[in-house]
Each structure stands twice: as structure tokens, then as C-alpha cells.
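1. give me a 3D structure for the following:
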Amino acid sequence: MSDVQDESVLRLVGLRKSYGVGTPVETEVLHGIDLTLGRRDFAALVGPSGSGKSTLLNLIGLLDRPTSGELYLLGRPTRDLDDAARTALRASAIGFVFQFHHLIEGFTALENVLMPLMLARGRPDAATVAWARELLESVGLGGFADRRPGELSGGQQQRVAVARALVTRPALLLADEPTGNLDTRSAQGVFELFRRFNAELGCAVLLVTHDPRLAEACDRTISLVDGRIVSDSPNRRLVSPRSP
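-> This is a model prediction of the structure:
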């Protein structure tokens, strides 16, 4: 087997996170997390409220720094990167989808999808626009490119958000309760999009959810309790995700 750094998209080694460091109220919320995700992984991260899921997701997304330990993204250690390097790596390697789509109301669906590339590179060229249109087509919104978010349903807006997350061709997609605000049909559609892009683009998916049925529909479930991974195992069967 070759070096795990070459095979993995994400590798966490002894990752710890404390708040109030050096004060009488210093509190450690993540206690030595070890985790690896490969390009074909499609995993759910589950755990009760207060277990540290949001803290862990912020660290993985390079939005915060660990107190100790190391996070390797595409084999690259990230803990000591400066802010500019972290921002550039995050923009190129990670896609984010949240429960609320956070689309910009004044922009069209196409412009919203293009936004990450426009921020990184400025005015998009014809090839970039064509790729964004292809993504909209892939999420079933090819005919809605010129519509603004207020003219789209909640499920359609979330699909635009999925296309936006994928426009940079990220190696890792982080989805934080991505179907929690959708009806059953829309939720299943968004989940199936994650599945498709995981298979077609080799984009690792880490999906944070409170819904056990959604977790069961993933290939792997990682359980976080009190800042520790208590289990990490493949799911025996795959089922379609359904909302409560």
C-alpha cells in the first residue's frame, strides 16, 4: 500500500481543540481525534448536541485551528499555514453545503454558482461559465440559470447551493445538515446529488446529520460523543434518506 497521505483526502492525527487556553476556564472540547477520509468515502458524522461536531467541522473546513495535533488536506499539513494559505487551500479543495443555502438574493442562480470562482479569479471566462451551466444542468436546473433565489423553491435553492459547492471541483465536500430544511422529496434529491458527484468526481463527502435514517444511507457512520470518536464503521445496508 502506498503512503496514506497520497491516498487520503483528509487525515486527522491527534487533533485537539481547547477554548480559553491559558485561563482558569480552559476547556478541551475535542480530545485527540484520529480520522481518515479517502476520495471515494461517503460518510456521516453523527452525535448528540454538544458532542463537538460543529467544532470538528470548523477545523476540517480550515475555519479554525486546532490546539494541537495535525490536519492533512490532500497530504499537506495545515496547522501552521498562514491565513492566506489556509484561505487559498480551503477555496480550492473544500466545498461547503449548509442547512440554509446562503444564496445571494441579488444574483442569478448562475452567478451564485460562479461566486467562489469569481472571488478567487475575478471575471469568469467562457469555459468557467460553461462548467457552471453544466453543473446547473446536472442538478436539474439548466432552465433556471437566470432566475434569482426568490424565484426558486427551497429545494431548488439548495440544489443551486450544491452546484456552487462543486464548481471548484473540490476534493472534499462538507455538508452540515444539508437536508434539514427540506421536504422529503427535495431531501432525497439533494442526497442523490451528493451520491452522484461522489462517484463521478471522486469527491469525498462528510455529511453531518441528526437524522439516523440519513446516516444509514451513507456508506460509513462516524459517531462523536463528548469530543471523542466512539465508533467508525461501515453501514451494512443502504436506504433512501427520508425526512422525519
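2. how far away is residue 32 from residue 139?
-> For residue 32, the distance to residue 139 (CB to CB, to the nearest Å) stands at 38 Å. Just so you know, the C-beta spots here come from the backbone N, C-alpha and C atoms, and that holds for glycine as well.
3. more crowded one of these two?
-> residue 139 (23 against 15; other CB atoms under 10 Å).
4. and the nearest residue to the more buried one once chain neighbours are set aside, helix, strand or coil?
-> In this structure, residue 139 finds its nearest non-sequential neighbour in residue 159, 4.1 Å apart by CB to CB, 6 or more residues apart in numbering. Three-state assignment for residue 159 (DSSP: H, G, I helix; E, B strand; the rest coil): helix.
5. give me the pLDDT for residue 159.
-> On pLDDT, residue 159 comes in at 86.
6. repeat for residue 237
-> 55.
7. now do the one 5 residues further on
-> On the pLDDT scale, residue 242 is placed at 46.
8. got it, and residue 22?
-> 85.
9. for it, phi and psi?
-> phi 80, psi 0 (degrees, to the nearest 10).
10. likewise for residue 69?
-> Residue torsions, per degrees, to the nearest 10, at residue 69 are phi 90, psi -180.
11. the spatially most central residue of the chain sits in which helix or strand?
-> Residue closest to the average C-alpha location in the chain (CA atoms, centre = their mean): residue 174, at 0.8 Å. Assessed by DSSP states H and E, residue 174 sits inside strand 172-176.
12. counting by contacts, list what that strand packs against.
-> Packing partners of strand 172-176 (3 or more CB pairs under 8 Å, 6 or more residues apart in numbering; DSSP states H and E): helix 53-60, strand 94-98, helix 184-201, strand 204-208.
13. worst average pLDDT in these?
-> Across the helices and strands packed on strand 172-176, the lowest-scoring stretch is helix 184-201, with a mean of 84.
14. quick one: low-confidence residue ranges for the chain.
-> Scanning the chain for pLDDT under 70 picks out 1-6, 237-244.
15. ok, now with 80
-> Low-confidence segments of the chain, defined by pLDDT under 80: 1-7, 99-101, 118-122, 124, 179-183, 185-186, 236-244.
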